[in-house]
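Chemist: The following comprises the amino acid sequence and a computationally predicted model.
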Amino acid sequence: MKKISVLSFVLLLGYGISFGQFTITHGWNSLQLGGYLIGFYQYQPAYKGDPNAGDYHKNTFRFDDARLQIKGYVKGAVKYELEANLADIIAFASNPNDPQSIPLTEANIRYENPYLNVKVGYFKLPFSASSNVDKIPSPFMRRAEIANGTYFSRRDVGFMLYHDIWRQHINIMAGIVSGVGEGILLGKGDVNGKPEYFGRVELCSSYYRDEELDKNNLALPLARVGAGFRYNEKSVFTGDATGSTDYNIGNVMTINGVKLSYGADAAFMWHGFSAQFEMDWSRMKPHANTPLATSLAQYNTNYYRNGGFLVQANYYSKLLRSAFAVRYDEFNPSDLVDGNQQRTVSFAYDFFCLPYNLTVKVHYDLRLKQPDTGMKWTEDDLRIGVQYVY
């Protein structure tokens, strides 16, 4: 997470307001510049049993995003997108081995036609619907545990084929990527050279955008259901538990073995009300004679699963220029250990100022107690911030 002084954030916000989004068009070619800024104050109260009791370094102002987006198309068929988070540059320079702080967030080219569309480059993988929703159209300032990029990589380099049927009522996506996620930009490949395969299918009542709020106050209900999968076989153990021979102490990106991820989701919008549900799980089977396989043998099994779900409800009031949202999410690092679910109830309130591209956001994560210990699994988190889209 990035830090910045209040004065610096105000100056950057003023720059964003003065810059403004604009589009350059020449014949069939178009270029659009835009982006957004997000900054907030964060407060995490201490709780009984907190292993970091007395450490309040997280209670401060933070600058989370300074996105610059370049989008365009050439002759109507070839489209391109380049996006970078300038706020990540300093964090990446101080720790160049951290994939989560890589400033580049999108860099891809698409070729679209009536038959089959192709996307090539660095892009978000269409596995998790919640993960694919950008920060701007979400009422929350923090993603749920299963979609925050530590349980599975959110971006990768490769190619994707996609096509819609019956005027976008059915959307089909499939592709191949490196399988090492954001780390591929750091040159981190896998010695076995095997890629990751993914796919997703969506059924929609009509065209469904990746948004969580019904800001159009739809007169007719709009619904979507989807399902996806990811499959990779790697020889490197990566994730929060990197370097450990244990399997249940953190989120795992890849293992020395096979990881199969699968999930399903649903979304609904009508008259300002909207709701989302998502469930994602991974089945991990290590190669024989590896440290992870030895750990699993103690439980008389050669595989384990991790994952979880979220359920979210939202309401947007045009009269009040406000959005209200509540979300429950649960993540289980290992299905072989009882009572270690990481559960959170999140609340959000957004006020859309005039102009509407300036938003004040309030977000609170209430961490629930783990069933086996009766203790919180991490700190509660309060964020009060400003978001500006330019």
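Modeler: Perfect, thanks for sending it.

Chemist: how near is residue 109 to residue 82?
Modeler: Per C-beta to C-beta, to the nearest Å, residue 109 is found 10 Å from residue 82. The way it works is simple: take the backbone N, C-alpha and C, and place the C-beta from them, glycine included.

Chemist: quick one: contacts for residue 154?
Modeler: 124-125, 128, 131, 147, 181-182 (C-beta atoms under 8 Å, 6 or more residues apart in numbering).

Chemist: how does it look with 6 Å?
Modeler: Listed by C-beta atoms under 6 Å, 6 or more residues apart in numbering, the contact set of residue 154 reads 124, 131.

Chemist: per-residue pLDDT, it?
Modeler: Looking at residue 154, its pLDDT stands at 94.

Chemist: Could you report the distance from it to residue 50?
Modeler: Where residue 50 is concerned, residue 154 sits at a distance of 29 Å (C-beta to C-beta).

Chemist: Then residue 180?
Modeler: 34 Å.

Chemist: likewise residue 132?
Modeler: Taking C-beta to C-beta, one finds residue 132 at 33 Å from residue 50.

Chemist: Same check on residue 138?
Modeler: Applying C-beta to C-beta to residue 138 and residue 50 gives a distance of 28 Å.

Chemist: more crowded one of these two?
Modeler: residue 138 (25 against 15; other C-beta atoms under 10 Å).

Chemist: Just confirm the more buried one contacts residue 213, I think it does.
Modeler: No: using C-beta atoms under 6 Å, residue 138 is not in contact with residue 213; the gap is 8.0 Å.

Chemist: Overlap of the contact sets of these two?
Modeler: Common neighbours of residue 138 and residue 213 (C-beta under 6 Å, 6+ apart) do not exist.

Chemist: Grab the most central residue of this structure for me.
Modeler: residue 131 (3.2 Å; C-alpha atoms, centre = their mean).

Chemist: That one falls within a helix, correct?
Modeler: Yes: assignment of residue 131 by DSSP: H, G, I helix; E, B strand; the rest coil places it within a helix.

Chemist: dump the residue contacts of it.
Modeler: 147, 154.

Chemist: So it versus residue 148, what's the distance?
Modeler: Counting by C-beta to C-beta - residue 131 and residue 148 are separated by 8 Å.

Chemist: can you check residue 60 too?
Modeler: From residue 60 to residue 148 the distance is 21 Å (C-beta to C-beta).

Chemist: Same check on residue 286?
Modeler: The value you get for residue 286 to residue 148, if C-beta to C-beta is used, is 24 Å.

Chemist: More neighbours: which of these two?
Modeler: residue 286 (22 against 17).

Chemist: average pLDDT for the helix or strand where residue 295 lies?
Modeler: Per DSSP states H and E, residue 295 falls inside helix 291-297. Mean pLDDT, helix 291-297: 86.

Chemist: Give me the buried positions along that helix.
Modeler: Neighbour-count burial for helix 291-297 flags 292-293, 295-296 (criterion: 16 or more other C-beta atoms under 10 Å).

Chemist: quick one: which two of those residues are the most distant?
Modeler: 293 and 295 (7.3 Å; C-beta to C-beta).

Chemist: give me phi/psi at residue 388?
Modeler: Main-chain dihedrals, residue 388, degrees, to the nearest 10: phi -130, psi 130.

Chemist: Same check on residue 90?
Modeler: Backbone phi and psi, for residue 90 under degrees, to the nearest 10, turn out to be phi -70, psi -40.

Chemist: Count the residues that sit near it.
Modeler: Residue 90, neighbours per other C-beta under 10 Å, totals 14.

Chemist: can I get the buried residues of helix 291-297 in a markdown table with distance to residue 355?
Modeler: Converted to a markdown table, the buried residues of helix 291-297 look like this (distance: C-beta to C-beta, whole Å):
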| residue | distance to residue 355 |
| --- | --- |
| 292 | 53 |
| 293 | 57 |
| 295 | 55 |
| 296 | 55 |
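
Chemist: Among the residues you listed, which one lies nearest to residue 374?
Modeler: Nearest to residue 374 among the buried residues of helix 291-297: residue 295, at 26.3 Å, using C-beta to C-beta.

Chemist: ok, and what's touching stretch 108-117?
Modeler: By C-beta under 6 Å, 6+ apart, stretch 108-117 touches 77-81, 118-123, 162-163.

Chemist: That one: which residues count as buried?
Modeler: Quick answer for stretch 108-117 (16+ other C-beta under 10 Å): 108-110, 112, 117.

Chemist: which sections of the stretch 251-390 of the chain are below the confidence cut-off?
Modeler: The stretch 251-390 of the chain contains residues with pLDDT under 70 at 251.

Chemist: quick one, strands of the stretch 1-150 of the chain?
Modeler: Taking DSSP state E, counting those that start in this stretch as the criterion, the stretch 1-150 of the chain contains strands spanning 22-26, 29-43, 60-74, 78-85, 104-111, 117-124.

Chemist: export the ones you listed to a markdown table and tack on distance to residue 350?
Modeler: Output for those, formatted as a markdown table (distance: least, C-beta to C-beta, whole Å):
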| stretch | distance to residue 350 |
| --- | --- |
| strand 22-26 | 26 |
| strand 29-43 | 12 |
| strand 60-74 | 15 |
| strand 78-85 | 21 |
| strand 104-111 | 22 |
| strand 117-124 | 23 |
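
Chemist: Which among those is found nearest to residue 335?
Modeler: Among those, if distance is taken as C-beta to C-beta, the winner is strand 117-124, at 27.1 Å.

Chemist: Report the backbone C-alpha coordinates of the closest one in CSV.
Modeler: Provided in CSV are the C-alpha atoms of strand 117-124 (Å, rounded to 0.1, in the frame of the first residue of the first chain):
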residue,chain,number,x,y,z
ASN,A,117,-12.7,-11.9,-31.3
VAL,A,118,-9.1,-12.1,-30.1
LYS,A,119,-7.3,-10.4,-27.3
VAL,A,120,-3.5,-10.6,-27.0
GLY,A,121,-1.2,-9.1,-24.3
TYR,A,122,-1.5,-8.4,-20.6
PHE,A,123,-5.1,-8.4,-19.3
LYS,A,124,-7.5,-9.4,-16.5
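
Chemist: Quick check: residue 285 touching residue 259?
Modeler: No: in this structure residue 285 lies outside contact range of residue 259 using C-beta under 6 Å: 8.0 Å.
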